[in-house]
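*Asks:* How does the following fold in three dimensions:
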Amino acid sequence: MKTNIFLASSAFVLGLMALFANYSEKTHLYPTWEFRKEKKENKKIKLISAIKLSEWIMQKKQGLVIIDMRKKEDYLKYHLPTAQLYNDSSFLPELGTGKNIVLYSAQNYIYLNKFQNELLDNVYHLEGGTESWYDKILFPDFNKFKVRNKELMNKIISTSRYFGGHPLNIDELEITNKNKWFREGC
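*Replies:* As a prediction, this is how the structure comes out:
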């Protein structure tokens, strides 16, 4: 009985540790988180993953406004689908409308100094900026991360192609499957 309690509590503690240890980043698994909160430059911000943003764009989510915080030259070279170039007159009216606003730039959060106060709950920041979009959506490199199943692999490939990209190193894809580690039954 004591052994069962000890094992159960150990499993619980290890589960909590895995939750807070960025397991997917350390094991090079394709990230699956969607939203996260962080504090940057003394401001609390809500992050959205490139994967979740791509889902919103593909679903044509109502009320989604994507704002590119980069320079005009960079915006004209490439920008995320449906993104608008930032300017005060177009951005500020959107804040109070209840729409989901996603801000991004090439480098993480360099634009935060433009905002004096905390941003509203409906404002998200693309974690990793355009680099994350390139690495996880347009040109996911299967040498850089592992995928646990074919469903996820097919989703990554189809998402990349939907946005005009192409996955890299598909031939060398390593799908980690729990079935080869665990045996069913006694």
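*Asks:* ok, how many other residues are close to the residue lying closest to Gly63 once chain neighbours are set aside?
*Replies:* Distance criterion Cβ to Cβ, 6 or more residues apart in numbering; nearest residue to Gly63, sequence neighbours excluded, is Lys99 at 4.0 Å. For the C-beta atoms, the positions are set from N, CA and C on the backbone; glycine is no exception. Close neighbours of Lys99, defined as other Cβ atoms under 10 Å, add up to 14.
*Asks:* Helix or strand next in line after the lowest-mean-pLDDT helix or strand in the chain, which one?
*Replies:* Ranked by mean pLDDT, DSSP states H and E, the helix or strand of the chain with the weakest confidence is helix 23-26, at a mean of 45. Moving toward the C-terminus from helix 23-26, the next helix or strand (DSSP states H and E) is strand 35-40.
*Asks:* What score does the residue nearest to Ile51 when sequence neighbours are not counted have for pLDDT?
*Replies:* Spatially, and ignoring its direct neighbours in sequence, Ile51 is nearest to Lys136 (6.1 Å; Cβ to Cβ, 6+ apart). In this model, Lys136 is scored at 91, pLDDT.
*Asks:* what stretches of this structure score poorly on pLDDT?
*Replies:* By pLDDT under 70, the weakly predicted segments of the chain are 1, 6-30, 40-41, 88-97, 107-121, 172-186.
*Asks:* distance of Ile51 from Phe35?
*Replies:* Between Ile51 and Phe35 the computed distance is 11 Å (Cβ to Cβ, to the nearest Å).
*Asks:* and what of Ser158?
*Replies:* The value you get for Ser158 to Phe35, if Cβ to Cβ is used, is 23 Å.
*Asks:* what about Tyr134, neighbour count?
*Replies:* So Tyr134, with other Cβ under 10 Å, has 16 neighbours.
*Asks:* which ones are touching it?
*Replies:* Gly165 (Cβ atoms under 8 Å, 6 or more residues apart in numbering).
*Asks:* In this structure the residue nearest to Gly63 contacts Asn122, no?
*Replies:* Yes: Lys99 is within contact range of Asn122, at 6.4 Å (criterion: Cβ atoms under 8 Å).
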